[in-house]
Structure formats: structure tokens, C-alpha cells
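> Provided below are the primary sequence and the corresponding predicted coordinates.
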There are 2 protein chains.
Amino acid sequence: MGALHTDLYQITMAAAYFSLGKADMRAAFEYFVRDMPKSRSFLLFCGLEQALEYLENLKFTDDQIEYLRELQVFRHVSAEFFDYLREFRFTGDVWAMPEGTVFFAPEPALWVEAPIIEAQIVETALLSILNFQTLVASKAARVVIAAGGRPVAEFGTRRAHGAEAAVMAARAAYVAGCPATSNVEAGKRFGIPVVGTMAHSFVMSFDSEREAFKGYLDVFPESAIFLIDTYDTIAAAKLAAEFGEQVVGVRLDSGDIAALAKDVRRILDEAGMRGTKIMASGDLNEYKIDELIKSGAPVDSFGVGTEMATSRDDPSLGGIYKLVEVLEGGRWIPKRKASQNKATLPYRKQVYRIYRDGIADHDYICPHAEEHEGEPLLVKVMDRGRAIYRRTLEDARKRASEQVDALPEPLKDIWKTARYPIRLSPRLEHVDQS
Amino acid sequence: MGALHTDLYQITMAAAYFSLGKADMRAAFEYFVRDMPKSRSFLLFCGLEQALEYLENLKFTDDQIEYLRELQVFRHVSAEFFDYLREFRFTGDVWAMPEGTVFFAPEPALWVEAPIIEAQIVETALLSILNFQTLVASKAARVVIAAGGRPVAEFGTRRAHGAEAAVMAARAAYVAGCPATSNVEAGKRFGIPVVGTMAHSFVMSFDSEREAFKGYLDVFPESAIFLIDTYDTIAAAKLAAEFGEQVVGVRLDSGDIAALAKDVRRILDEAGMRGTKIMASGDLNEYKIDELIKSGAPVDSFGVGTEMATSRDDPSLGGIYKLVEVLEGGRWIPKRKASQNKATLPYRKQVYRIYRDGIADHDYICPHAEEHEGEPLLVKVMDRGRAIYRRTLEDARKRASEQVDALPEPLKDIWKTARYPIRLSPRLEHVDQS
């Protein structure tokens, strides 16, 4: 990810810090969400690996610097600033929650401590990486809860916001508990299991559905899942039944899935194909999945695309990155912003999670240096620009599963949002404005 | 964009076509939207340039082929298929609407005619490219209409679905009429003008707002836009007024923008700063902009982020890619899918737009070979795998502007959706199922 994947103002501000002799002032910025999205009871932190990779590899190429120099806005900026950019590396420290950690507004999930010019330059990229993966992971966790143990495959590539968004959506969904994706690049890059069946066009390209099914089964004798809604679903189910147990599954992608699944199950069972699975797809989300399951529909697995890969009901996460402390004259000075509806809490902070009988009871947010009972959620992940706490994707996935398991039941009700108790250290509420 | 940015089933189907001797069967697939999104009266086609680049450059690397070969699902697929992939190039023809063309459901905006194996392999990538840029361009066109000639800068990078989505969102917004973006990569890659001001953190990092403003103005004497809502907006406006006309603009990012803009305008005017502009930002969309303008708020320009870069009110476009014809025994056979609620129209099609007094009156969709009055919207853009109709981004932007201008007024009302008249050729409605 190149250095120009940022907002211009990060670079104009950098030029100002540099020109005004403030570049080296040490500062701390926190990543957090001010308010919970309206239909989310918890968030699942995701994207840290890509954030650390970005920070470790960030540099400005000559080409990029040439482009910047020629912008009108930099006309009065000295050549020394561009020399500085040429040597730029991120040298800061980062603390963060491990990927897969559940968090809530307004808890910091990550903070950066670095010379202010560096901390500022990385803002936009960190936000775009963390906001998107956390958005999708938080949505996918709900879908996984609704599916109640039935596998959910991530199918959203064609509706994700471009090719790279699709790959990262697949990654986030995997962290949140989806066991597979249709996205091949995500499979190769991250080792996520890939799955796929057939499209309507495949069926339509043959003179008959029978010919299409037979052909596919010849080529994929051990993994054929027939798409059975191209023409008449029931007729296609009966056709599938003629092929016997070799058919691994059938997929329903339209119509009244609940009713069709029951009919199709009966047809398959009568043909002795109890092992043949029924997969449902087609604009599914956590609500529709929950309703399908409650209706008794014999669906064995789900393919979820658009709704998960774009977090369709709430497609952007308002994660922000705010200055919370600066080092002045050898002392850390807490910073808080007071503007209407957009206040922030000062200090680099730690979040402690307090459990009762294995279930999360409440969180406690306090200045980083304060000690408290419970599990401290933020750990040091980068030291002077070098990542020191890397976890595998499987670790993140395991943590997500454990974290969601440990939530109080009301937070896992997809139909009603619940508030998790957050307590603030008194030191956060009584601070002199600096 | 690599060849694995696709759904696995495109490759399993390709293996089936190949193994069954059907790879070379010529087929045509169309890209279209089945139903209009609920709050859109028109769509703006965008992303064709990236789609053509993808098709021209598509190839499978050895590394990618190795990954595929080792997947369990391909266990029974012959080595010849992977040899085929190694030599794979897209050799088809493509017809499409030029970028910036207004279109409606269910008009095809693009079709591909190629050996079925090629047309199938490219489906997912084409969908993800075209769906996303068309989504954002269609939303941005509404924002631009609402702004009524006032400039709208695209500010959505931090909430876009990752870094690459941000760049493409900036491109689509530019096509739709936004004159600038904050995204520097989009500026460099596409020549889009870039803009940027300062963040709250910049103001907060100084001991006083005055010091922050003065410092910024020293470094950017010709382009300083002060962010004035960090602490007290009115106080900051008065402070800005002390710096006089050199201040290019002030930005309001929170609070009651309508009321604040009036007060701030008065403060600036009283200081003789009639040339200093007021920019508004902060969760704006077409509705809020329209209300601000109707309230008489003296806002000169807008910065729009999340709402535009994610098309927040409707964040995915249901563009699909369906088989419409196959060549069998030297004859093109129309194909249509009949499944419930998901029917498709057969034939490669052309769309004619019929104007009355310079305003679009209705569109007529017909089989490609049929002649009709009006402007044929689809043109041949790729011939045997080679792009033959490339337009600049400025061309696309100009076309978008002309196309939106030529819409009937009710379609430009952002508050109410209107239906544009679409007529179907009788030949599309009476076709034998094949």
C-alpha cells in the first residue's frame, strides 16, 4: 500500500509541523469509535496485521515526492521537507488489542505514540484499514451467531467495493468465524479455505439441466454442489436425486427458501441421499438466516455475500483517530477536544475487561499508566517502527470465537441491541484542558 | 488486478467447460441491474476503463496456477486445463456504454461476446469493478445536483472500504461532477485535483488556536483554509478574521452548520473578508446539502466523505452478468432464465435513447441487430481482446454532465424517485425458451 493512499491534509499538516519545527514533538493518537453503530451490540477488532505491515513498509518513492512537489499547494514549502519525506520511515510505538478482540465505543482499540509528523501522516491509511475490516468482522460475527454452528461461506466478491475490498472482507469474515470464502485471492494470500459451486449461466449453457449436472459431476465427482433454481427448483431437485449420494449438495438461490428446502430435503431423503447437503444463498443476512432456522428449514449451510461484505445495513464504521497526549518539556500533557457532540477523552488509555464466571461483566477505561483488575486488552504490538507482536490469522479467529463466547447473552441477540457496561476512570473525567 | 480476484466457481466452471469440450462455444453475457435501487432515479455507468484494463492484462501466473492445482476440488481435473490457464488471454469482443452514460434497470450497460470459458472467468472481476464505481458515481451525481453548482470535494478515504476502494470512489465521484478529492493517490494516478485543509489534531497540537492558524498561514500563505470548530466555532471565526483576506477559507465540521455559517459569514464580512469562503463538512449527503442551501446557509463548498464513498444509504449495486445468447451450430440461440423473481431478457441487446427537445424522452431496448431511431448507447469498446474505444477521464466527466443535464426534471429531484420510461422491443418479450 503506497504512501499516497492518504488525505492531502496529512501531508500539508506534515509540511507545517516540519516547517514550524514541531515535527519531532512526541504525540499519541488513539483509534476508537465514538458511538456504537445503531444495530451493533459489540465490535470485533480486525485489520491489525495489515495496519502493522503498512507502518513497517511505509516510504515515499521519488516518483511520489515529485508529484507532491509539483502541487500548487506546496509552492512555498522548502525543499528540506521533501528531503525529509525521502528518508521518511515510521519509527513510533503502537499498542493495540489483538485481532479478534471484542470492543465497544469509546474504547481505544489501538494507539500510536510517535513524533507528531509521523503519527499524523499515517492517520488516513490506518483508519481505512481498521475501519473496513472491523466493520465486516463485526457484521460477520452476527451472521455467524445467527447460523448457530452451521457453516457460513463468504460470497460477497462481486458486490464488495472493488477487488481489494473483497479480499479484505473475506479475511474479516474468516476472523469472525466464517469457515470459507469464494474469493480465490483471499484463499491464496491468507490460506482461507475456498469454496464454489456453479452459476446459472453454467446450467443455461447446456441443452438441458440434466446434461449440465451430469457434466459437472463427471469433472468434479467428489465435490459437486448443484445449483437447482435455474428453471424449476423442485424438478431440478428430482433430477439431482437421480444422481444419488455422489451429489455433495444442492444450492437454493431464489424463491421461498424455507418451503423449498423442506420439499427438497424430502426429495433427497426419499432417494436415500441423507448425506447430500442443502445450501442456501441469495441476499441472506443474519435476520433471514435466523428466521430460516426458526422456521425449521433444513438448511445445512449458508452463502452470504453482499450483506456481509459491505455490512449492508450499516456500511461504514465511524472509527476515528484523535490526538490524546503530547510530550512537552519532558511531560506528557493530556489533550481533549471539546467541540459540540465530538468531544474526546484525554490520555493514552488502557482498557481492562472484568469477567465474572467466564462471562464479560464490564470494561474499565483508564489512563494507560493506571493499574486495575481484569484483563488488559491493549498490548504493545510495535516498538520503534518494528512489529513485535504478530499473530496468525488462526490466532485471530480463535480469539474472536472465545471473545464472542464470553459475551453476556443479551449482546448476542441479533434482534435487539444491548449496552455493555463501560466504566471510566475518574481521571478521564476530571482533567484540565490543555 | 490479478487473475485470482474472482470467485472459485468461475474456475471450477471453466474446468468443466474445458473438460467437457465446451470451452470454445461462443457465448454472450450482459451486465445490467435487474431493479433500480430504491432511492435512485438513474444510474451513472462508471468503471469501464478499469474493466478494459483488466480484460487486456488478464493472465494467470505460474504461482497462481500452482495454488489452484493443489486445491482438493481440482483433484480430478486434467493437467491440460492448467496448461490452458497458463496460456489464457481474454480474446472476446465487448460492447458498452461510454463511461458517464446514464442508464436504468434493466438496460445492459455492457456485454461480452467470447468463448464461454473466457466470458465466464471474467465475470466476478467485471462485476466488482463496474458495480462499485457505478454505485459511487450514481450517488455522487445526486450530491452534485443537490449542491447546485457549488463545488463538492470527495473526502471519503478514511471510511471507504480500504485503500483501493477509496481511490476508485474518488475517480467515480470525479466522473459524476465532484471537482476534487482529498485522496492523493487518486490525484497522482488519475490527475484529479487534490484538496486538503487541516485536522483538529493540528489545532490541538499547538498551545493556542491562534498559534496553529498563524503557523499554518506562514507555511501556506496562499491556500490556508482554517478548521474552526475544534473548540468554539464563533471564537475561532473571530480569530480567523484577525488574519484578514489572506485566509482562503474556513471549514465547519460540526454543530448546527446552517446557523454557524450565517454567523461566521457575518464575522468575516465585517472584517472585510468577503472573498474568504466557507466550506462545510461532517457527515453530509445530498439531503443535508439541499436543506442547508434551502435554509439560506452561506456555504460556498462542501466536503462529502462517508456518504458518497460508500453510497451509505444504499451501499451495494445489484449489477449482474447473465448469459443471454450462445452460438450453436452456426446460429445464435437466445437464452433466458425463468426462475422466480430473477428472470432475464434474452439476446445481446442495444439501447436507444430517444430525445425530445434535447431532453431524454424514453429508452428502447431491443436485440442488438434491430434498428431503431435515437442514440444507440452501446458502442464496441473491445475487439478480440484489444480495447479500441478508450476515452479520457475528462471525456467521461463531460459525458456525465451532459447526460444528467438531459434528464427530465423529475429524475433530478433527490427527494422523490421517478421512473424513466423504458420500452421493450416485442422481440424480447416473445421468444422461445432455448
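Received, thanks. Numbering: from 1, shown residues only, chains lettered A, B, ... in the order given.

> residue A:240 contacts residue A:214, doesn't it?
No. With contacts counted by C-beta atoms under 8 Å, residue A:240 stays clear of residue A:214, the gap being 10.8 Å. Quick note: C-beta positions are derived from backbone N, CA and C, even for glycine.

> more neighbours: these two, which one.
The neighbour comparison of residue A:240 against residue A:214 (other C-beta atoms under 10 Å in any protein chain shown) goes to residue A:240, with 26 against 16.

> next one, pLDDT for the closest residue to residue A:420 other than its chain neighbours please.
Spatial nearest neighbour of residue A:420, chain neighbours left out: residue A:104 (5.4 Å); criterion: C-beta to C-beta, 6 or more residues apart in numbering or on different chains. For residue A:104, the model assigns a pLDDT of 98.

> mind listing the strands for the stretch 151-300 of chain A?
Taking DSSP state E, counting those that start in this stretch, the strands of the stretch 151-300 of chain A run over residues A:152-154, A:180-181, A:225-227, A:249-252, A:277-280.

> can you tell me how far the residue positioned nearest the centre of chain A is from residue B:267?
In chain A, the residue lying closest to the centroid (C-alpha atoms, centre = their mean) is residue A:133, at 2.3 Å. According to C-beta to C-beta, to the nearest Å, residue A:133 stands 43 Å off from residue B:267.

> next one: residue A:332
When distance is defined by C-beta to C-beta, residue A:332 is 36 Å away from residue B:267.

> right, and residue A:13 touches residue B:202 too?
Yes. With contact defined as C-beta under 8 Å, residue A:13 counts as touching residue B:202 (4.8 Å).

> please enumerate the shared neighbours of the two.
When contacts are counted by C-beta atoms under 8 Å, 6 or more residues apart in numbering or on different chains, residue A:13 and residue B:202 have residue A:120 as shared neighbours.

> can I get the strands of the stretch 151-300 of chain A in TSV with mean pLDDT?
TSV is the format used below for the strands of the stretch 151-300 of chain A (pLDDT from 0 to 100):
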stretch	mean pLDDT
strand A:152-154	98
strand A:180-181	98
strand A:225-227	97
strand A:249-252	98
strand A:277-280	98
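
> where does the stretch 101-250 of chain A get nearest to chain B, residue-wise?
Nearest residue of the stretch 101-250 of chain A to chain B: residue A:196, at 3.2 Å (C-beta to the nearest C-beta).

> which residues touch that residue?
Neighbouring residues of residue A:196 by C-beta under 8 Å, 6+ apart: A:182, B:7-12, B:73.

> mind listing which of these are in helices?
Among the contacts of residue A:196, DSSP state H puts B:8-12 in helices.

> buried set for whichever strand or helix holds residue A:323?
Using DSSP states H and E, residue A:323 maps to strand A:319-328. Neighbour-count burial for strand A:319-328, counted by 16 or more other C-beta atoms under 10 Å in any protein chain shown, picks out A:319-327.

> ok, which of these also contact chain B?
A:322-323, A:326 (C-beta under 8 Å from any C-beta of the partner chain).

> any chance of TSV for the residues you listed, columns pLDDT and distance to residue A:253?
Converted to TSV, these look like this (pLDDT from 0 to 100; distance: C-beta to C-beta, whole Å):
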residue	pLDDT	distance to residue A:253
A:322	94	44
A:323	94	49
A:326	95	55
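
> mind putting the residues you listed into CSV with distance to residue B:142?
Listed next are those as CSV, based on distance: C-beta to C-beta, whole Å:
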residue, distance to residue B:142
A:322, 31
A:323, 34
A:326, 41
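
> of those residues, just say which sits nearest to residue A:152.
Using C-beta to C-beta, residue A:322 comes nearest to residue A:152 of these, at 34.6 Å.

> so how far does stretch A:411-425 reach from one end to the other?
End-to-end distance for stretch A:411-425, by C-alpha to C-alpha, to the nearest Å: 24 Å.

> on that earlier part again, out of the strands of the stretch 151-300 of chain A, nearest to residue B:3?
Nearest to residue B:3, of all the strands of the stretch 151-300 of chain A, is strand A:180-181, at 16.5 Å by C-beta to C-beta.

> give me the contacts around the closest one.
Outside strand A:180-181, the residues that touch it by C-beta under 8 Å, 6+ apart are A:151, A:153-155, A:170, A:173-174, A:187, A:192-195.

> for the residues you listed, name the two members farthest from one another.
Greatest spacing in these, by C-beta to C-beta: A:151 and A:187 (15.6 Å).

> neighbour count for the two, which is higher?
residue A:187 (23 against 18).

> quick one: contacts for that one?
Contacts here follow C-beta under 8 Å, 6+ apart; on that basis residue A:187 touches A:181, A:193-194, B:4, B:8, B:67, B:71.

> out of the contacts of strand A:180-181, list just those in helices.
Per DSSP H, the subset of the contacts of strand A:180-181 in helices is A:170, A:173-174, A:187.

> only whichever of these are buried, select them in PyMOL.
Selection of buried members from the ones in helices among the contacts of strand A:180-181 for PyMOL, criterion 16+ other C-beta under 10 Å:
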select buried, chain A and resi 170+173+174+187
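
> now do the helices in the stretch 101-250 of chain A.
Secondary structure of the stretch 101-250 of chain A by DSSP state H, counting those that start in this stretch: the helices cover A:116-121, A:123-147, A:163-175, A:184-190, A:200-204, A:209-219, A:233-242.

> what's the average pLDDT for the longest one?
In this model, helix A:123-147 has a mean pLDDT of 98.

> which residue is the nearest non-sequential neighbour of residue A:345?
Using C-beta to C-beta, 6+ apart and skipping residues adjacent in sequence, the residue nearest residue A:345 is residue A:428, 5.0 Å away.

> Throw the strands of the stretch 151-300 of chain A into a markdown table and include mean neighbour count, thanks.
Below are the strands of the stretch 151-300 of chain A laid out as a markdown table (neighbours: other C-beta atoms under 10 Å in any protein chain shown):
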| stretch | mean neighbour count |
| --- | --- |
| strand A:152-154 | 27 |
| strand A:180-181 | 27 |
| strand A:225-227 | 25 |
| strand A:249-252 | 23 |
| strand A:277-280 | 22 |
